[in-house]
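**Student:** This is a predicted model, with the sequence first.
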Amino acid sequence: MTLVQSVDLPLGSTMPAFSLTDPSGKKFSGSRLLAGMGLLVVFTCNHCPYAKAQWPRLIRLAEEFVGSGINAVAINANMHPDYPEDAPQRMTELVAELDVSFPYLVDDSQQVARAFRAQCTPDPYLFDGQGRLFYHGRIDDNWQDDKAVQRQDLRGAMVALVAGENPPIVQPPSMGCSIKWR
């Protein structure tokens, strides 16, 4: 496990176009997933301890904000033979086990992760309704213990987006396992 932080990206950057499938082969595109208020895109996986700890929080955020016009999508770029836990079949199992209500897509070529400049799992990006980057940073300040969280950075950004406020000035980087590049 190599700990990596997300890179700093300019706010207002345009969301890279993407079209990926879920493990069953159903196709999704970023432009179709983008809702009226925005889209939360999270690069994640199954095996990373950071990603595992954050999955329940992502699910709660997606459920909380879908009614406010923000959709969510998770993307797994860890299609690497050394990490069988991240294989599409295991993704399907995780979706069922955690009752994930948003698409969990396979980035087999890793081209989408590269276009987004994703670095770690999880690596969240929040785009506004026009597909402009509003927030790119950590989910909260304590990946290990949900009960010890004092600052919910991603949730705060989502609240600000829905309220029509400016993006948060402070956007602490996300951290997690490195994406397993081929």
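**Tutor:** That came in fine, so what should we check first? Model, not experiment: these values are computed from the prediction. Numbers count the residues shown, from 1 in each chain.

**Student:** Tell me the helices and strands packed up against the helix or strand where residue 161 lies.
**Tutor:** According to DSSP states H and E, residue 161 maps onto helix 153-163. Applying 3 or more CB pairs under 8 Å, 6 or more residues apart in numbering; DSSP states H and E, one finds that helix 153-163 contacts strand 38-43, helix 49-65, strand 70-76, strand 123-128, strand 133-136. For glycine as for every other residue, the C-beta is placed from the backbone atoms N, C-alpha and C.

**Student:** which residues does the spatially most central residue of the chain bridge with?
**Tutor:** The chain has residue 42 as the residue nearest its centroid, 0.8 Å off, counting by CA atoms, centre = their mean. Counting by DSSP bridges, residue 42 is bridged to residue 74, residue 124.

**Student:** what's it in contact with, if anything?
**Tutor:** Going by CB atoms under 8 Å, 6 or more residues apart in numbering, residue 42 touches 58, 72, 73, 74, 75, 122, 123, 124, 125.

**Student:** if you set the cut-off to 7 Å instead, what comes out?
**Tutor:** Going by CB atoms under 7 Å, 6 or more residues apart in numbering, residue 42 touches 58, 74, 122, 123, 124.

**Student:** burial count for the third one?
**Tutor:** Close neighbours of residue 122, defined as other CB atoms under 10 Å, add up to 28.

**Student:** Hmm, it is touching residue 173, no?
**Tutor:** No: between residue 122 and residue 173 there is no contact under CB atoms under 7 Å: 11.5 Å.
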